[in-house]
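**Student:** how would this look folded up:
(2 chains)
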Amino acid sequence: MADAILKLERVCKAYNVGLPTETEVLHDIDLELDHGEFLALIGPSGSGKSTLLNIVGLLDRPTSGRLSIKGHDTASLGDAEITRLRGHTIGFVFQYHLLISAFTARENVMMPMLVDRGFPSAEIEVRADRLLAQVGLEKFAGNLANNMSGGQQQRVAVARALAMGPDLVLADEPTGNLDTRSADAVFELMRQVNRDSGTSFLLVTHNMDLAQRCDRIIEVIDGRIRA
Amino acid sequence: MNRWLPIEWTMAVRFLREGRLQTIFIIGGISIGVGVIVFMSAMLAGLQANFIKRVLTSQPQIQLLSPDQIARPLRNTAGEIEDAVVQRPSQRVISIDQWPKIRAQMQAMPEIVTVSPTILGSVLAVRGDASRSVNLSGVEPDSYFKIVKVPDYIVAGEPRLTSEDIIIGTELAKDLGATVGDKLNIRAASGAMRVLTISGIVDLGNKGVNQRVCYAALRTAQSLLGMIGGVTTIDITVGDIYAAEDIAQRIQAANVVEADSWIRTNAQFFTAVQAQQNTNTLIRLFVGLSVAFGIAAVLIVSVIQRSKDIGILRAMGTSRGQVLRVFLLQGGLLGFVGSLFGAAMGAFALVYWHSVARQADGTELFPLILERSLFIYTALLATGTGILAAMAPAIRAAKLDPVVAIRG
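**Tutor:** You can find the predicted model right below:
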């Protein structure tokens, strides 16, 4: 499909390859994600969801199979090219928000742009403030990460994931650690971004209620996809 | 956030600032280490400078002498010696052969600073009923006083040496009951005699030397010792005092003279100076190593503590090189800041120790030498040590697998 931002063909992932303890955790995964699509990935713990997310996020490499992002086959890319592609194309939101505690909310949002350009600039600050306003946290821009609630931190993490204007955001149980109200607010925020900017989302969740509000649900069981 | 600072610098500073207690303790450790290095280096440099000044301003660094006179036994045929025992001949005081030519050669050598011909001999100093056997040095004051700083040691009178003057040691003046302006009768073994006026009294810091030392003008001494136009030694100073032995060996190889360097004639002193330098180097090395291990240990812990931060930074596109630089900079910053505090601590301790540590006569034990180069060198060394010490933790951080790091 011409519109696919992400395409996996017969992707397998095994650990301890060549050893007696070799374990294959993903088997022949075929998956496509279109531009602007909001996809939920569900499945029991240990089914391989996070491994799949790490492969899609270019944090890990498949043992076999083919992974294309925006039409680029990632198998031939070196470490530096992978890092660059990841930085420019993919945003991450993790369950434990993972803000860098030594920096303020604004600086955390600025961080992807800072590591890309090397130096701070007024333009980067303005963009960070706009993103914080988008997630409703403009008043907390100067707060250190530790001085915010879990829900607020997760919204900052969403703003940070959007900093580089990615085509794809990977969210690994972003609401798993939040109360129902905060979880709903964070999910709605991501849905809003998806609708407004056309950014694709791949959401790993255990929350069936949230999954059912996504465009499509994919279930992973024992390392295989059950559509 | 400072717009002039690359993001790696900002991260390094923030990470250090956030781990406040850890940072304060390691900077304290580095400061103590650097302080010890600054204190010991400056104190030993002072002590050494003092020793060298005392030794080298009261004697030449190289002394050229006539070679020993040796017996040449008769031989019947090649390899066959007639006498079974060859006795060493008594050594006459003789002039260095063609000394003006040798002096000119020495003056032409770029590594040589000062050359001064001298005549040495034993004479009797008589005043009234008192007489003492003394060593008379006949010198050219203009050049000789640049080698042995006689004017610096004058305690009475002036360092004047006309053909009628003599400068004597303090103990000799006491023994003879003489003072500046008094006449001394100088008698040589050959019977030659001159009456000279005491122009100055000198204290060379050693009682035995002060009992026997006498300086007269070269020509006066030559006539007294019966060696008109001759000299027994040529005294030399060189630019690099530690090269004196090498230079002496080259001179000896090229001329018919015996060349003694201060290193050979003061072997024990030189060994002590070398031992002191070696000890100082070893202490600096071990202090530097302990500082380096301290920095490495703290940064290793920091890498473990910050593994999630590193993971997320890598996930958002931070390269391995950037992560490496963040931790190398932390090592360098710890070393640099520690060296600033350490240099201040070392300098303060040195000034305090200089003010309380005194010799028995109340004079300073060592001169206070606080050179800017020592502080610059120490700061560079500490910063470099910090960067080197951070190498292992930084590589470890850069190699962290982001998946593993984020999972913690």
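
**Student:** and the gap between residue B:378 and chain A?
**Tutor:** Distance, residue B:378 to chain A, using C-beta to the nearest C-beta, to the nearest Å: 30 Å. Placement of C-beta: from N, CA and C, glycine included.

**Student:** and the pLDDT for that residue?
**Tutor:** What the model reports for residue B:378 is a pLDDT of 87.

**Student:** stretch A:186-202: which residues count as buried?
**Tutor:** A:186, A:187, A:189, A:190, A:191, A:193, A:194, A:199, A:200, A:201, A:202 (16 or more other C-beta atoms under 10 Å in any protein chain shown).

**Student:** contacting residues for the fourth one?
**Tutor:** Meaning residue A:190. By C-beta atoms under 8 Å, 6 or more residues apart in numbering or on different chains, residue A:190 lies in contact with A:38, A:93, A:158, A:169, A:171, A:174, A:201, A:203.

**Student:** could you pull up the residues touching the closest residue to chain B within chain A?
**Tutor:** Going by C-beta to the nearest C-beta, chain B is nearest to residue A:87 of chain A, at 2.0 Å. Residue A:87 makes contact with A:112, A:115, A:116, A:164, B:316, B:317, B:318, according to C-beta under 8 Å, 6+ apart.

**Student:** how about a cut-off of 6 Å?
**Tutor:** Each residue near residue A:87 by C-beta atoms under 6 Å, 6 or more residues apart in numbering or on different chains is listed here: A:116, B:317.

**Student:** for the chain, which helix is longest?
**Tutor:** Unless you meant another one, I'm taking chain A. What stands out as the longest helix in chain A, according to DSSP state H, is helix A:180-197.

**Student:** hmm, no, I was thinking of chain B.
**Tutor:** Counting residues, the longest helix found in chain B (DSSP H) is helix B:267-305.

**Student:** before we move on, the earlier item: among the contacts of residue A:190, which are in helices?
**Tutor:** residue A:158.

**Student:** pipe the contacts of residue A:190 into JSON lines and attach pLDDT and distance to chain B per row.
**Tutor:** Below are these laid out as JSON lines (pLDDT from 0 to 100; distance: C-beta to the nearest C-beta, whole Å):
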{"residue": "A:38", "pLDDT": "93", "distance to chain B": "21"}
{"residue": "A:93", "pLDDT": "89", "distance to chain B": "10"}
{"residue": "A:158", "pLDDT": "88", "distance to chain B": "13"}
{"residue": "A:169", "pLDDT": "93", "distance to chain B": "12"}
{"residue": "A:171", "pLDDT": "91", "distance to chain B": "13"}
{"residue": "A:174", "pLDDT": "86", "distance to chain B": "14"}
{"residue": "A:201", "pLDDT": "93", "distance to chain B": "16"}
{"residue": "A:203", "pLDDT": "92", "distance to chain B": "17"}
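
**Student:** list only buried entries from the contacts of residue A:190.
**Tutor:** Neighbour counting by 16+ other C-beta under 10 Å classes A:38, A:93, A:158, A:169, A:171, A:174, A:201, A:203 among the contacts of residue A:190 as buried.

**Student:** as a markdown table, those with distance to residue B:133 would be great.
**Tutor:** Putting the buried ones among the contacts of residue A:190 into a markdown table (distance: C-beta to C-beta, whole Å) gives the following:
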| residue | distance to residue B:133 |
| --- | --- |
| A:38 | 113 |
| A:93 | 100 |
| A:158 | 102 |
| A:169 | 103 |
| A:171 | 104 |
| A:174 | 103 |
| A:201 | 108 |
| A:203 | 108 |
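
**Student:** where's residue 55, which helix or strand?
**Tutor:** I'll assume chain A. With secondary structure defined by DSSP states H and E, residue A:55 is part of helix A:49-56.

**Student:** sorry, I should have been clearer: chain B.
**Tutor:** Residue B:55 belongs to helix B:20-56 when assigned by DSSP H and E.

**Student:** output the contacting helices and strands for that helix.
**Tutor:** helix B:267-305, helix B:320-356, helix B:372-399 (3 or more C-beta pairs under 6 Å, 6 or more residues apart in numbering or on different chains; DSSP states H and E).
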